[in-house]
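Chemist: using only what follows, build the 3D model:
(2 chains)
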Number of protein chains: 2
Amino acid sequence: MSEYRVKFMPQDIEVTVEEGTDLLTAQIRAGLHPDAPCGGKGTCGKCLVNVMKGNPTGVQKACTTKVTGNMTVKLQAGGKHSILMEGVQRKIRIASAVRSVNVTVQRCELGGNLSDWKRLKMAVAEAASIDEAAIRPNMKLISDLYQVLQDNDYSLNVVLCGNEILDLRAADDPVYVMAFDIGTTTIVGYLLNAATGEETAVASMLNPQSEYGADVIERSNYAISDGVEELSGLVHEALNQLIGQAVKKAGISREEIYMISVVGNTCMHHLFTGVSPKALVHAPYNPAISEGLMLRASDLEISIFPGGKVMLLPNIAGFVGADTVGVLLASEFDAQEELTLAIDIGTNGEMVMGNKDRYIACSTAAGPAFEGAKIACGMRGAKGAVDHAGWKDGRFAFSVIGGGKPLGICGSGLMDIVTFMLEKGLMDEMGRMLDMDEYETEEAKACASRIIRIGENNMKAFLLADEEESGSGRPVYLSQKDIREVQLAKSAMAAGITLMADTLGIEVGDIKKVMIAGAFGNYMEPHSACGIGMIPCELEDRIVPVGNAAGEGAKIAALNYEEYRRCEKIAAGCEFLELATHPDFQDTFVDLMEFPEQEF
Amino acid sequence: MSEYRVKFMPQDIEVTVEEGTDLLTAQIRAGLHPDAPCGGKGTCGKCLVNVMKGNPTGVQKACTTKVTGNMTVKLQAGGKHSILMEGVQRKIRIASAVRSVNVTVQRCELGGNLSDWKRLKMAVAEAASIDEAAIRPNMKLISDLYQVLQDNDYSLNVVLCGNEILDLRAADDPVYVMAFDIGTTTIVGYLLNAATGEETAVASMLNPQSEYGADVIERSNYAISDGVEELSGLVHEALNQLIGQAVKKAGISREEIYMISVVGNTCMHHLFTGVSPKALVHAPYNPAISEGLMLRASDLEISIFPGGKVMLLPNIAGFVGADTVGVLLASEFDAQEELTLAIDIGTNGEMVMGNKDRYIACSTAAGPAFEGAKIACGMRGAKGAVDHAGWKDGRFAFSVIGGGKPLGICGSGLMDIVTFMLEKGLMDEMGRMLDMDEYETEEAKACASRIIRIGENNMKAFLLADEEESGSGRPVYLSQKDIREVQLAKSAMAAGITLMADTLGIEVGDIKKVMIAGAFGNYMEPHSACGIGMIPCELEDRIVPVGNAAGEGAKIAALNYEEYRRCEKIAAGCEFLELATHPDFQDTFVDLMEFPEQEF
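Modeler: Here you go, the predicted model:
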């Protein structure tokens, strides 16, 4: 019986096997570790390989493909790894734009006139199964190519980003990518092994642009008065700090990171790329640029591998940014069978409704109230914030993030308190705080002592902690005016939901799943979100918090190039509903200002 | 009878004409000036237009296409202009990679979510007839796009380089390109109007790298001992100086130049792009990179329009560079029906032989002797050089470049003197200077007094000017050793010609045209080139000097993008004959060391 050689790429390992041996066995003999849960029965379909040379060529099941001649077989890189997303479990194949392949470059014969670069490209194209013609010249690398080839005896590890050759190395060391979610208020970075998907470090910090404006409008206004460069520089510096923290935690060097991926709202996107947000803040509020971008890290002064890349997910519309695309990618919105509503509440509130057949996005300025802005004792969900409140053990009680005395109220606390006041009859559906003589419930009467009067107007307020009970020495309360702010914010969200459903021609009740993205989603009580009427009551038990889905989207794009490219389709497939100009918006908004009707 | 509107692009001029009017007439009515030498008879084929919208679409003769509905017609940009190349007259259509088009960008509707960049791309793609998807983002330009659109009321002049958008301007001002020939010794730059092809200035200077080595080998050796950056910087600075001179002459600014094109031998090419020439000087002498390049001018610190481009023609082999590709492009070698030999004698000597069906290149180190190196009284073809010599009015006479006393002998003078000595019997076919008693001709006897003895070895030499007659106070002569150098140089060239002919399977006499490129070609006497046996005697009357064909190639590539892309095919189609390893080279070389046999 004949014997044949089978070569596995990109490992470049060769084994000799008898005719008729299956490729799964050959792979095991080669010391590789194929993923075949069915044990070679041909049923699981996990052992797919790409036969480059041999018969038959193309993608085949290793377990059922017999060796009948010499073969070259390409294994799916990192095929057995996956990352999980909180709430929405999504398994992805690791196939990052950034990867490394081992190559042996053909030596040049005297009289042969193929350049060093040409022979390197030929070797890389074969090892990485890419089109040689698509490899663009990297002059920095070509500069010393002759010496590098000599020093490594023509065998090299090549780091690629898509079709670009980024680096030539002696050893097959790990390559890293870092995924960033640039929020208006917070920036988070995830350091990932590009080949395994392993998350080796996370680092986060407040967006240093915050002091130039808490929300995107203020920030944009600062930028367009000649501040673009300054704000861009701040966010680049912030990313460099986070990269520094992450590589320190992981015990690697910056130069081992070959690419970063970035999501953020359109304003953060524009400021990060050095683009003026002028277009965003002037009617008709459209982005300066939407398409996905692959930029040079050095052009943005991002300190990773010199010659590394920056990947930005595309934007959808003026106020529906790459962060929303990240959410849609992480949740595979474009593949959802069921009608779904995704809500990303950050400093802005973006929502997407629909399923794979049709989905539509809108943006509301709902966020600031839930992040503490415009609320007298409002604050972000940080240490000292009242995050939950309600009737417990016969009295009104609240919890404080990190324990201790309260400093203020964050979004989830705000919703809980308003819902409590509403459900216990401390205020009516119009949002008016009732007088004590109007109280009908035991709970309301028990809280009567918490009603105080504040300010010049003697405005009613619900006291949580007086000077002594508060951590700051100043009382913590919720005022009548704060309740009006909550009404404005929640009715904007609710109007968006109503109008999206109208546009899709569905009833709100048809929605099967409500995904709440962002840290807020984890704190927020679904009962309170529905209690204040932000989300229709019938959807209460369909609410799922999905964590930082935008950040997950950035990770997925960083770890799978096809998924990155899918973003372009996701963005292009997403309709945009401009609420500001919708003929029914004002009416709907006003109609929904009221809180849900209560029964006592 | 109906009337229809015909819009001509890129001028964006619209005329209304009666049904049945031909497009040539419509074009004239629109105030345009079509090129139609046949007067609309449909015979010259010069009036081709591209019908974008209408019936029939596609490229049509304007004079025979009737208007039967509203039409949009794209005119061939600059179709009536051409540049002429010395010696080899080549007419090219002006269709530079760099061009400008007037566009009107669609305004964004409220609720429309197309980004400013997207709408700009749509407008440019239509106006320039390019694929929108191929337009890559220009972040610098996108940064202020909103404001630029506002300031110009959405009507702009857009400067393109290929599919890249380089600049947005208020007015349809001229755009310029500059073509450079970077020689080992001299750098020449030609400033050209990209739309008309007009040459508005020429500037040249010595290559400042010269002090680091006169030839490519010395220069490379300096570079590879850590001098790449230094030598790159010098040539970039030189180009910037030439650009400065050229724009001053033309009365324009640097920023109006949007691209430069560059040719040079492989060493100059590598040093210009910052690539180490190590690969070139070590066996097997192949380039680090060969393919044509489009680089950012800013990456090479070339001071033209910020965001401008640098176009480099491809190389062929280690010692057959982009300059040779320039010669082949200028002479349309790939379209030659007749068997042709192109010789570019610079500091190196590159030759190409063949025709459109097959052509082959080789390189010899013949140049230095003809540029004065290794010749006792040798010098370049500059003021004071003996450029021509021979028997005139009954005596040996010579001419000096710029008149006055001679300083030395340049290549053409060298050939003339050697040919004279040979033909008049002052030396034999072996290159041995005869003793006076061996002289047989009148002319030889008349020159007897010019034979002197020099140096420790009492070597024979032919005196042109003694201390008093010389411009330098040192005698000017040609020594026996110099004659040996000429023999080495000419036999290398002759062996190259012989072996190329052998490889092609032709007789040298089959060659119908010999093009001598480079300044040398203008000075050199065909009779002397054949007289010394550098070029076979039977080709003497087929020699044509073609001037700086390499530089012409750079101009053509700068002025016609298709011609630039043709270079890739020209280079790929060119076979390379490595003389150093050719089994017959040494024998042929030695055989051809003798001078042609003489009859007295």
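Chemist: look up how far residue A:364 lies from the residue of the stretch 451-600 of chain A found nearest chain B.
Modeler: Taking C-beta to the nearest C-beta as the measure, the point where the stretch 451-600 of chain A comes nearest chain B is residue A:578, at 3.6 Å. C-betas here are computed from N, CA, C, even on glycine. When distances are taken as C-beta to C-beta, to the nearest Å, residue A:578 and residue A:364 turn out to be 11 Å apart.
Chemist: residue A:514 too?
Modeler: 16 Å.
Chemist: can you report how many residues lie near residue A:332?
Modeler: The burial metric for residue A:332, expressed as a neighbour count using other C-beta atoms under 10 Å in any protein chain shown, is 18.
Chemist: tell me the spacing between residue A:550 and residue A:209.
Modeler: Using C-beta to C-beta, residue A:550 is found at 18 Å from residue A:209.
Chemist: likewise residue A:173?
Modeler: From residue A:173 over to residue A:209 (counting by C-beta to C-beta), the distance is 35 Å.
Chemist: neighbour count winner among those two?
Modeler: Neighbours of residue A:173 and residue A:209, each counted by other C-beta under 10 Å, are more numerous for residue A:209; the result is 29 against 12.
Chemist: and the more buried one, what does it touch?
Modeler: Contact criterion C-beta atoms under 8 Å, 6 or more residues apart in numbering or on different chains gives A:219, A:231, A:234, A:235, A:271 as the residues in contact with residue A:209.
Chemist: need the worst-confidence member of those.
Modeler: Least confident by pLDDT among the contacts of residue A:209: that is residue A:219, with 86.
Chemist: that one contacts residue A:213, correct?
Modeler: Yes. With contacts defined as C-beta atoms under 8 Å, residue A:219 counts as touching residue A:213 at a distance of 3.9 Å.
Chemist: which of those two has more neighbours?
Modeler: More crowded of residue A:219 and residue A:213, by other C-beta under 10 Å: residue A:219, with 25 against 18.
Chemist: what about the more buried one, which SS state?
Modeler: Remark: residue A:219 carries the secondary structure label helix [criterion: DSSP: H, G, I helix; E, B strand; the rest coil].
Chemist: next one: residue A:344
Modeler: Of the three states, residue A:344 takes strand under three-state DSSP.
Chemist: pLDDT below threshold where in chain A?
Modeler: Scanning chain A for pLDDT under 70 picks out A:1, A:10-11, A:31-46, A:76-90, A:110-111, A:366-367, A:600.
Chemist: for it, longest helix please?
Modeler: For chain A, the longest helix by residue count, based on DSSP state H, is helix A:480-504.
Chemist: report all helices and strands that it contacts.
Modeler: If you count contacts as 3 or more C-beta pairs under 8 Å, 6 or more residues apart in numbering or on different chains; DSSP states H and E, helix A:480-504 packs onto strand A:340-345, strand A:349-355, strand A:358-364, helix A:367-370, helix A:411-423, strand A:459-465, helix A:585-591.
Chemist: what does the helix or strand just after that helix rub up against?
Modeler: Using DSSP states H and E, the helix or strand that follows helix A:480-504 in sequence is strand A:513-517. The set of residues that contact strand A:513-517 without belonging to it, under C-beta under 8 Å, 6+ apart, is A:87-88, A:327, A:331, A:338-345, A:521, A:524, A:529, A:535, A:539, A:542-550.
Chemist: ok, now with 7 Å
Modeler: Around strand A:513-517, the neighbours that count as contacts under C-beta atoms under 7 Å, 6 or more residues apart in numbering or on different chains are A:88, A:327, A:331, A:338, A:340-344, A:524, A:535, A:539, A:542-546, A:548-550.
Chemist: just those residues: which are in strands?
Modeler: By the criterion of DSSP state E, membership of the contacts of strand A:513-517 in strands covers A:340, A:341, A:342, A:343, A:344, A:543, A:544, A:545, A:546.
Chemist: the fifth one is in contact with residue A:551, isn't it?
Modeler: This points to residue A:344. No. With the criterion set as C-beta atoms under 7 Å, residue A:344 and residue A:551 do not qualify as a contacting pair; they are 10.8 Å apart.
Chemist: can you tell me the residue of the stretch 301-450 of chain A closest to chain B?
Modeler: Taking C-beta to the nearest C-beta, the stretch 301-450 of chain A has residue A:317 as its residue nearest chain B, at 3.6 Å.
Chemist: who touches that residue in this structure?
Modeler: A:286, A:361, A:576, B:113.
Chemist: where does it sit relative to residue A:291, distance-wise?
Modeler: From residue A:317 across to residue A:291, the span is 13 Å (C-beta to C-beta).
Chemist: so how far is chain B from the nearest residue to residue A:172 once chain neighbours are set aside?
Modeler: With C-beta to C-beta, 6 or more residues apart in numbering or on different chains as the measure, residue A:157 is the residue that lies nearest to residue A:172, at 4.6 Å, once sequence neighbours are left out. For residue A:157, the distance to chain B equals 20 Å [C-beta to the nearest C-beta, to the nearest Å].
Chemist: and the contacts of the helix or strand containing residue A:157?
Modeler: Taking DSSP H and E as the criterion, the element that holds residue A:157 is strand A:155-161. Contact partners of strand A:155-161, identified using C-beta under 7 Å, 6+ apart, comprise A:97-105, A:124, A:128, A:165-169, A:171-172, A:175, A:258-259, A:309.
Chemist: show me what residue A:465 is bridged to.
Modeler: Listed beta-bridge partners, residue A:465: residue A:476 (assigned using DSSP bridges).
Chemist: picking up where we left off before, from the contacts of residue A:209, pick the one nearest residue A:479.
Modeler: Top of the list for closeness to residue A:479, among the contacts of residue A:209 and by C-beta to C-beta, is residue A:219 at 27.0 Å.
Chemist: give the contact list for that closest one.
Modeler: Counting by C-beta under 7 Å, 6+ apart, residue A:219 makes contact with A:209, A:212, A:213, A:231, A:267.
Chemist: repeat that for residue A:484.
Modeler: Taking C-beta under 7 Å, 6+ apart as the criterion, residue A:484 is in contact with residue A:431.
Chemist: which residues does the nearest residue to residue A:432 once chain neighbours are set aside contact?
Modeler: Counting by C-beta to C-beta, 6+ apart, residue A:480 is the residue found nearest to residue A:432 once chain neighbours are left out, at 7.7 Å. Taking C-beta under 7 Å, 6+ apart as the criterion, residue A:480 is in contact with A:433, A:459, A:460, A:461.
Chemist: check the residues you listed for burial and list the buried ones.
Modeler: Neighbour counting with 16 or more other C-beta atoms under 10 Å in any protein chain shown marks A:433, A:460, A:461 as buried within the contacts of residue A:480.
Chemist: turn these into CSV, columns for distance to residue A:321.
Modeler: Output for the buried ones among the contacts of residue A:480, formatted as CSV (distance: C-beta to C-beta, whole Å):
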residue, distance to residue A:321
A:433, 37
A:460, 39
A:461, 36
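Chemist: now check the helix or strand hosting residue A:295, is it near chain B?
Modeler: When secondary structure is defined by DSSP H and E, residue A:295 falls within strand A:293-296. Yes. When contact is scored as C-beta under 7 Å from any C-beta of the partner chain, part of strand A:293-296 falls within range of chain B: A:293, A:295.
Chemist: what pairs with that strand, parallel or antiparallel?
Modeler: In the sheet containing strand A:293-296, the strands it pairs with under DSSP bridges are strand A:309-312 (antiparallel).
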